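Peer 1: Sharing a model prediction with you, sequence too.
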Amino acid sequence: MTEFTQLGLSPTTLQAVADTGYTTATPIQEQAIPVALAGRDVLGIAQTGTGKTAAFTLPLVERLASGRARARMPRAIVLAPTRELADQVAESFAKYAKGTKLSWVLLIGGVSMGDQVAALNKGVDVLIATPGRLLDLFERGKMLLTGVEIMVVDEADRMLDMGFIPDIERIFKLTPPRRQTLFFSATMPPEITRLTTAFLKDPTRIEASRPAMTADTITQYLVRIPTSDPKAKRAALRALIGRADVRNGIVFCNRKSEVDIVAKSLKKHGFDAAPIHGDLDQSHRMKTLADFRSGALKILVASDVAARGLDIPDVSHVFNYDVSHHADDYVHRIGRTGRAGRLGQAFMIVTPADDKSLDKVLKLIKKEPEELVLDGVDFDTTKKPAQRDDKGGRERTGRGRARSTDKTEQAVAASAEIPTEAQTAEAPARSRSRRKTKPEAAPQPAVEATLSEPVSVDSDRPARAEREPQLRQSDRRGERRPEERERTGVKGFGDDIPAFLRRPVIIHG
DNA sequence: AAAAAAT
């Protein structure tokens, strides 16, 4: 166990760390911080949740604290793949740089350039950016990158997935070769290796990967349904979400349009749900995420924008409404639960059309998720309501036993019952696709241990720090619209980034 | 089959 005090940080920085309540450094922090403080390049192989963000923010603050930026000449760049991730880095700066005179600005798309340009003109030490907006501003002549002393690349493999590598390469070339580079990636595909070979100088390689695939704090379940009918899938989803032990959760869909539909449907059925994906405007995305973090929103319906990296405190459940087409996305999705040693559950709704994607997922996770049978959910959406066998409540997929799919309450109530082995053994809905997985693996009795009293969203949630972050030099928004700093439910703030983005958030990596 | 990110 290494304390932050042993890492060579200055008293000012240590005070900022102490103010966050952290005392012990994570492995990646322990290894990366001394190397970065010494001015050397770092190649960090680390996932989200390892303390990565602080591992580069702290040395950055420390090394830049003494100097001062000139107009349009930033001294450091942090590149992140998504706007939300960039914002999280900014939150990290708000915490760790508060004892210094450092200034920084968030350069992301979806918000007006005015404030960003003004900050650049005034002179800002650190650019925290997504590649597109950074290059856009550069091309407009709003900055020079020849004064960059340190460049940080976060989640490089995800940037690769998103086609950002040419942009990253270009930004590298715009900065002086003698800069220090801190480069982070969860995996090292060849293209990323090539990049590090080209742009890092004798880097210290630090690996702090978490246990390879899926954490064993996550229990994975698989729910097979006999049809791809969206109505049936939504009915199954409601049955799962309605379970008593769902404190909060994320529902992942493969398409943005599906995210909207599912969120709307859930709301219609009385669930506290809201959508998030890349087509929603930035302020809306931020607000939804803030609500979800604070516990004001229970169910987040998301595209893969929320699969990785986002600093969402532990959720109790992840629901894969669609099976990911890419297996690694599945791993990232379910990694939103079971964090920090807590227990989490992940469910995957599988239709016959998903066999191919499912195979890839199963191969990657090298596990056989338990098959959960939804009692009392009718998947035959073509038939009229019929009587329900309340005594047993055990008929399953109702191929011939139709009930209306909108009888959510029935579905939910029934699904909370624990299927017995006898019941799971011959679920008719499964027979068709089970051969795709290991046929010899007997289905397990599912989720027995997980049923519990209903838990309110707000219970057992730590009180959020009330401390208002300091007004920064670059926080022109705050200067101009001070009233927004007080509120969290800001609507219609247009191009301004609202104050809730500035509140303290749990730090991770 | 998709999502993300500059507009």
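Peer 2: Structure's in. What do you need? None of these values were measured; they are calculated from a predicted model. Numbers count the residues shown, from 1 in each chain, chains lettered A, B, ... in the order given.
Peer 1: Now the closest residue to DNA strand B within chain A: closest residue in space that isn't a chain neighbour?
Peer 2: Residue of chain A nearest DNA strand B, by C-beta to the nearest atom of the strand: residue A:132 (2.2 Å). In short, each C-beta sits where N, CA and C put it, glycine included. Leaving out its chain neighbours, the residue that sits closest to residue A:132 by C-beta to C-beta, 6 or more residues apart in numbering is residue A:109, at 5.6 Å.
Peer 1: again with residue A:322
Peer 2: residue A:254 (4.0 Å).
Peer 1: what about that neighbour, neighbour count?
Peer 2: Using other C-beta atoms under 10 Å, residue A:254 has 18 neighbouring residues.
Peer 1: quick one on the thing from earlier: state whether the residue of chain A closest to DNA strand B is indeed within a helix.
Peer 2: Yes. The assignment for residue A:132 by DSSP: H, G, I helix; E, B strand; the rest coil puts it in a helix.
Peer 1: From residue A:170, how far out is it?
Peer 2: In this view, residue A:132 and residue A:170 are 11 Å apart by C-beta to C-beta, to the nearest Å.
Peer 1: Now do the shared contacts for these two.
Peer 2: Residues touching both residue A:132 and residue A:170 by C-beta atoms under 8 Å, 6 or more residues apart in numbering: none at all.
Peer 1: pLDDT at the residue nearest to residue A:132, what is it?
Peer 2: pLDDT, residue A:109: 94.
Peer 1: pretty sure it belongs to a helix, no?
Peer 2: No. If the criterion is three-state DSSP, then residue A:109 is coil and not within a helix.
Peer 1: For it, what are phi and psi?
Peer 2: Torsion angles at residue A:109 (phi, psi; degrees, to the nearest 10) stand at phi -80, psi 170.
Peer 1: isn't it right next to residue A:134, touching?
Peer 2: No. Using C-beta atoms under 8 Å, residue A:109 is not in contact with residue A:134, being 9.8 Å away.
Peer 1: So those two - more neighbours on which side?
Peer 2: Neighbour count, other C-beta under 10 Å: between residue A:109 and residue A:134, residue A:134 has more, with 27 against 15.
Peer 1: for the nearest residue to that one once chain neighbours are set aside, what are its contacts?
Peer 2: Closest residue to residue A:134 apart from its sequence neighbours, by C-beta to C-beta, 6+ apart: residue A:107 at 5.3 Å. Applying C-beta under 8 Å, 6+ apart to residue A:107 gives the contacts A:86, A:116, A:127-130, A:133-134, A:137.
Peer 1: pLDDT added to those, as TSV?
Peer 2: Formatted as TSV, those follow (pLDDT from 0 to 100):
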residue	pLDDT
A:86	94
A:116	96
A:127	98
A:128	97
A:129	97
A:130	96
A:133	96
A:134	97
A:137	97
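Peer 1: Can you select the buried ones from the residues you listed in ChimeraX?
Peer 2: Buried residues within the contacts of residue A:107, by 16 or more other C-beta atoms under 10 Å, are selected in ChimeraX with:
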select /A:86,116,127,128,129,130,133,134,137
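Peer 1: Out of the contacts of residue A:107, flag the one nearest to residue A:30.
Peer 2: Nearest to residue A:30 among the contacts of residue A:107: residue A:128, at 23.9 Å, using C-beta to C-beta.
Peer 1: Can you say which helix or strand has the closest one in it?
Peer 2: In this structure, residue A:128 sits in strand A:126-129 according to DSSP states H and E.
Peer 1: which helices and strands sit right next to that strand?
Peer 2: The contact analysis (3 or more C-beta pairs under 8 Å, 6 or more residues apart in numbering; DSSP states H and E) places strand A:126-129 against strand A:76-79, helix A:83-96, strand A:104-107.
Peer 1: who does the first one touch, helix- and strand-wise?
Peer 2: In this case it means strand A:76-79. helix A:52-64, strand A:126-129, helix A:131-139, strand A:150-153, helix A:165-174.
Peer 1: 10 Å - rerun?
Peer 2: Where contact means 3 or more C-beta pairs under 10 Å, 6 or more residues apart in numbering; DSSP states H and E, strand A:76-79 is packed against helix A:52-64, helix A:83-96, strand A:104-107, strand A:126-129, helix A:131-139, strand A:150-153, helix A:165-174, strand A:180-185.
Peer 1: For the third one, what is the distance to the chain centroid?
Peer 2: Read it as strand A:104-107. 21 Å (C-alpha atoms, centre = their mean, to the nearest Å).
Peer 1: partners of that strand in the sheet?
Peer 2: Sheet pairing of strand A:104-107 (DSSP bridges) gives strand A:126-129 (parallel).
Peer 1: How about the last one?
Peer 2: The strands beside strand A:180-185 in its sheet (DSSP bridges) come out as strand A:42-45 (parallel), strand A:150-153 (parallel).
Peer 1: Now do the following helix or strand past it against strand A:180-185, angle only.
Peer 2: Following strand A:180-185 in sequence order, the next helix or strand is helix A:190-199 (DSSP H and E). Angle of helix A:190-199 versus strand A:180-185, following axes from the mean of the first three to the mean of the last three C-alpha atoms, to 10 degrees, is 170 degrees.
Peer 1: same question for helix A:190-199, mean pLDDT?
Peer 2: Mean predicted lDDT for helix A:190-199 stands at 95.
Peer 1: Name every strand pairing with the helix or strand just after that helix and say which way it goes.
Peer 2: For helix A:190-199, the following helix or strand on the C-terminal side (DSSP H and E) is strand A:204-207. As defined by DSSP bridges, the strand partners of strand A:204-207 come to strand A:42-45 (parallel).
Peer 1: Below-threshold pLDDT in chain A: ranges please.
Peer 2: Applying pLDDT under 70 to chain A picks out residues A:49, A:209-215, A:244, A:309, A:340, A:376-509.
Peer 1: and it, which of its residues are near DNA strand B?
Peer 2: A:81-84, A:108-110, A:129-136, A:139, A:161-164, A:254-257, A:277-279, A:303-305, A:325-326, A:329, A:353, A:356-357 (C-beta under 7 Å from any atom of the strand).
Peer 1: Could you pick out the buried ones from those residues?
Peer 2: A:81-84, A:108, A:110, A:129-131, A:133-136, A:161, A:164, A:254, A:256, A:277, A:303-305, A:326, A:329, A:357.
Peer 1: got the helices and strands packed on strand A:76-79 as a markdown table, with distance to residue A:284 columns?
Peer 2: What follows is the helices and strands packed on strand A:76-79, written out as a markdown table (distance: least, C-beta to C-beta, whole Å):
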| stretch | distance to residue A:284 |
| --- | --- |
| helix A:52-64 | 24 |
| helix A:83-96 | 12 |
| strand A:104-107 | 17 |
| strand A:126-129 | 21 |
| helix A:131-139 | 18 |
| strand A:150-153 | 28 |
| helix A:165-174 | 26 |
| strand A:180-185 | 29 |
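Peer 1: ok, back up a step: may I see the contacts of residue A:107 arranged in a markdown table, with distance to residue A:273 as well?
Peer 2: Listed next are these as a markdown table, based on distance: C-beta to C-beta, whole Å:
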| residue | distance to residue A:273 |
| --- | --- |
| A:86 | 26 |
| A:116 | 33 |
| A:127 | 35 |
| A:128 | 30 |
| A:129 | 31 |
| A:130 | 27 |
| A:133 | 30 |
| A:134 | 34 |
| A:137 | 36 |
